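Trainee: coords please:
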Amino acid sequence: MKKKDAMKFEDLNSIDAYEFVSHPEHYNSGGVEVIDMMERIWGTENTITFCHMNAFKYRMRIGIKPGQSIQQDVDKANWYTHKANQLKKKLQ
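Mentor: Numbers count the residues shown, from 1 in each chain. Below is the predicted model:
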């Protein structure tokens, strides 16, 4: 499957084949990742705040959301924390 072709959930042979954490296809339609669009629209500082809040959300719900592993929530929280730190470096 080409990178530009969006992978449809129903096309998957296995749920394990889908990348849910690091740059998932459902956040990359139109050739620009949603987090990058957010930064362009609302600015770097607001996107940093969003990342911190999203990381908090994933940490608060670890092990609670049906069908999601604890590790996936931990990985998502860590991804958002890492992204916030990357964005902070742009402001220095």
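Trainee: Now do the phi/psi pair for the closest residue to Ala77 other than its chain neighbours.
Mentor: Among residues not flanking Ala77 along the chain, Tyr58 sits closest, at 3.8 Å (CB to CB, 6 or more residues apart in numbering). C-beta coordinates here come from the backbone N, C-alpha and C atoms, glycine included. Tyr58 adopts backbone torsions of phi -70, psi -40, taken as degrees, to the nearest 10.
Trainee: quick one: Tyr58 and Gln71 touch, right?
Mentor: No: Tyr58 lies out of contact with Gln71 (CB atoms under 8 Å); the separation is 11.3 Å.
Trainee: out of the two, which sits in the more crowded spot?
Mentor: Tyr58 (21 against 11; other CB atoms under 10 Å).
Trainee: which residues sit in contact with that one?
Mentor: 73-74, 76-77, 80 (CB atoms under 8 Å, 6 or more residues apart in numbering).
Trainee: now the residues you listed: which count as buried?
Mentor: Among the contacts of Tyr58, those classed as buried by 16 or more other CB atoms under 10 Å are 73, 76-77, 80.
Trainee: which one of those is nearest His52?
Mentor: Nearest to His52, judged by CB to CB, of the buried ones among the contacts of Tyr58 is Tyr80 at 7.3 Å.
Trainee: Could you dump the contacts of Tyr58 into CSV and include pLDDT, distance to Leu91 and secondary structure?
Mentor: Listed next are those as CSV, based on pLDDT from 0 to 100; distance: CB to CB, whole Å; DSSP: H, G, I helix; E, B strand; the rest coil:
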residue, pLDDT, distance to Leu91, secondary structure
Asp73, 92, 28, helix
Val74, 95, 27, helix
Lys76, 93, 23, helix
Ala77, 96, 22, helix
Tyr80, 97, 17, helix
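Trainee: Tabulate those (a markdown table), appending distance to Gly43.
Mentor: Shown next, in a markdown table, are these (distance: CB to CB, whole Å):
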| residue | distance to Gly43 |
| --- | --- |
| Asp73 | 27 |
| Val74 | 28 |
| Lys76 | 23 |
| Ala77 | 23 |
| Tyr80 | 17 |
